[in-house]
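K.L.:
Give me a 3D structure for the following:
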Amino acid sequence: MQNIYVYKVDDNLYINLTNRCSNRCEFCVRYYDKPVYGDLWIGHEPTAQEVIDILDKCYNLSDYREIVFCGFGEPTYRFDAIEKISEYIHSKGAKTRINTNGQANEILGEDITERIVKCIDTINVSLNATDAEKYDKICHSQYGLRAFDIMLDFAKKCVEHGGNVVLSIVDCVGEEEIAKAKKIAEKIGAKLRVRELL
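P.N.:
Got it, this is the predicted structure:
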């Protein structure tokens, strides 16, 4: 198995730290028959230093708009590594983003929101639906119906700590759901991004 820890998409660089995820979203690329960005399943979770060494030897970080923590798994399982790698990225003058399901506090058993806003420039939280039942139906979280509120609480706390928070929803949900999502984002002080379903 080839371990792809860093990969390029358009003008961004992505960091793939884990296969683990607390959700099993029906639209996730990890369940596609044909890999979208190559085979991102990894047989070994890299240390922070392994990733830093790859970035240092193989990439000029100033060439990229953002360095994004996003792979086949939920990156916050590796928050310890994220903090160290982000410090290196910022030392090179580059910007960081994370694409997360917003369940980090439950996954890690502690509130990391104050720390994550210090090391991540843009926190993209996958909203995916506008209530707990709809979220559970498509995301199948290990936390069941609680997952929606866990995710929103995380996003809200990140905003309260001064984080640049973007809630995202896929465009296939329809205009009514997108309008509801916009209200949810506005209520907690976050932005909304409607992203195209691959």
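K.L.:
Any stretches of this protein with poor pLDDT?
P.N.:
1, 30-38, 197-198 (pLDDT under 70).
K.L.:
distance between the ends of stretch 66-81?
P.N.:
18 Å (Cα to Cα, to the nearest Å).
K.L.:
Now do the buried residues in that stretch.
P.N.:
Buried residues in stretch 66-81, defined by neighbour count with 16 or more other Cβ atoms under 10 Å: 66-79, 81. From N, CA and C alone the C-beta is placed, and that goes for glycine too.
K.L.:
In helices, which of these fall?
P.N.:
Counted as lying in helices by DSSP state H, out of these, are 79, 81.
K.L.:
from the buried residues of stretch 66-81, which single one is nearest residue 43?
P.N.:
Nearest to residue 43 among these: residue 72, at 12.0 Å, using Cβ to Cβ.
K.L.:
right, and the closest one touches residue 43 too?
P.N.:
No: using Cβ atoms under 8 Å, residue 72 is not in contact with residue 43; the gap is 12.0 Å.
K.L.:
returning to that earlier point: out of the buried residues of stretch 66-81, which are inside strands?
P.N.:
Mapping these onto strands (DSSP state E) picks out 66-69.
K.L.:
Is the residue nearest in space to the middle of the chain in a helix, a strand, or coil?
P.N.:
The residue lying closest to the centre of the chain (Cα atoms, centre = their mean) is residue 99, at 1.7 Å. Recorded secondary structure, residue 99: strand (DSSP: H, G, I helix; E, B strand; the rest coil).
K.L.:
again with the one 3 residues further on
P.N.:
Here residue 102 takes the coil state, with states given by three-state DSSP.
K.L.:
any idea how far it is from residue 146?
P.N.:
Using Cβ to Cβ, to the nearest Å, one gets 12 Å for the distance from residue 102 to residue 146.
K.L.:
repeat for residue 107
P.N.:
For residue 107, the distance to residue 146 equals 13 Å [Cβ to Cβ].
K.L.:
Which phi and psi values does the closest residue to residue 119 other than its chain neighbours adopt?
P.N.:
In this structure, residue 119 finds its nearest non-sequential neighbour in residue 86, 3.9 Å apart by Cβ to Cβ, 6 or more residues apart in numbering. The phi and psi torsions at residue 86 (degrees, to the nearest 10) take the values phi -60, psi -40.
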